[in-house]
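[1] Okay, structure incoming, though there's no sequence with it:
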């Protein structure tokens with residue numbers, strides 16, 4: 001009799017799980033590219049530990065991304081600071097100004113995903129104190145060490161009351177495989193990229209800084225300042241394998257020609 005009594009409860013629980021799973025699977029996903037500035041690079045050779053770019057200079061775009069999953073908003077990277085710019089840096093509009101163009105208030109951002117702890121990827125996070133911060137555990141540990149100046153950009157989460165999730169390995173952010181943080185250490189200890197599955201445009205791979213520009217991506221170039229060379233090469237291999245197997249569109253976040261693969265803001269990909 002006890003087993004018979006349990007059957008309806010089990011069936012109800014199963015139905016609830018199926019409903020939640022179906023709701024997650026059917027959530028629409030949209031992706032906007034956002035302009036988070038640009039940086040003049042006087043010595044591109046810093047981005048090669050094999051001296052591949054001696055005497056070369058360039059300019060990196062700094063890109064951020066807004067993802068709408070159902071009714072939730074995720075911001076991937078937050079770009080250069082709009083409080084102060086160094087020589088060679090440009091920023092035309094802050095993130096709140098851009099979000100206002102599509103009717104999104106800063107308070108609507110539920111999650112911030114930061115690819116890694118470098119200043120050009122977390123400069124405007126402070127606009128979104130209510131959001132939950134997702135960041136690789138290895139990078140969080142670096143920022144939590146005493147005397148780390150760059151930790152000030154994320155102090156609300158690293159040492160304050162903000163909601164912080166330390167990501168270990170890959171992270172299926174919404175539980176339906178549509179938006180997945182990819183574990184790609186090497187550039188920094190906790191570096192991550194992002195895989196976004198869109199219904200029409202197909203999979204989109206956002207690089208973080210697994211590579212900074214197309215030439216380095218193609219040649220497996222390793223910046224001299226990376227945390228770990230072997231991990232960098234392994235992560236590049238994994239990233240390229242995912243791109244190949246998923247037939248994904250690769251967006252190197254500092255490469256303007258790659259960023260232009262996505263619709264020009266305020267249009268979006270879906």
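    Received, thanks. Please read all numbers here as calculations on a predicted model, not as lab measurements.

[2] for the stretch 1-150 of the chain, what spans make up the helices?
    2-25, 95-100, 137-144 (DSSP state H, counting those that start in this stretch).

[3] looking at the ones you listed, which has the lowest confidence?
    With a mean of 43, helix 2-25 has the lowest mean pLDDT of the helices of the stretch 1-150 of the chain.

[4] how far out from the middle of the chain is stretch 142-150?
    Relative to its parent chain, stretch 142-150 has a centroid offset of 21 Å by C-alpha atoms, centre = their mean, to the nearest Å.

[5] tell me which residues of stretch 135-147 are tucked away?
    Using 16 or more other C-beta atoms under 10 Å as the test for burial, stretch 135-147 gives 135-136, 138-140, 142-143. For the C-beta atoms, the positions are set from N, CA and C on the backbone; glycine is no exception.

[6] what's next to it, contact-wise?
    113-114, 116-117, 148, 150-151, 154, 157-159, 164-168, 181, 183, 185, 188-192 (C-beta atoms under 8 Å, 6 or more residues apart in numbering).

[7] now swap in stretch 192-205 and tell me
    So stretch 192-205 is contacted by 28-31, 65, 67, 76, 113, 115-116, 135-136, 167, 171, 177-184, 206-208, 210, 239, 242-243, 246-251, 262, 269-270 (C-beta under 8 Å, 6+ apart).

[8] can we see that at 6 Å?
    Stretch 192-205 has contacts (C-beta atoms under 6 Å, 6 or more residues apart in numbering) with 29, 31, 76, 115, 136, 178-182, 184, 206-208, 210, 243, 246, 248-250, 269-270.

[9] Tell me which entries of the residues you listed lie within strands.
    Assigned to strands by DSSP state E, the following of those qualify: 29, 31, 76, 136, 179-182, 206, 249-250.

[10] Residue 82 is in contact with residue 93, isn't it?
    No. Using C-beta atoms under 6 Å, residue 82 is not in contact with residue 93, being 8.5 Å away.

[11] who has more neighbours, the two?
    Higher neighbour count among residue 82 and residue 93: residue 82, with 19 against 16, using other C-beta atoms under 10 Å.

[12] mean confidence score for stretch 57-70?
    98.

[13] how far is that stretch from where the chain is centred?
    Taking mean C-alpha positions (C-alpha atoms, centre = their mean), stretch 57-70 and its chain are 9 Å apart.

[14] buried set for that stretch?
    For stretch 57-70, the buried set under the neighbour-count rule, 16+ other C-beta under 10 Å, comprises 58, 60-69.

[15] about what we covered before: for the buried residues of stretch 135-147, which one is nearest residue 86?
    Distance to residue 86 across these (C-beta to C-beta) is lowest for residue 143, with 20.2 Å.

[16] mind checking how far the closest one is from residue 175?
    27 Å (C-beta to C-beta, to the nearest Å).
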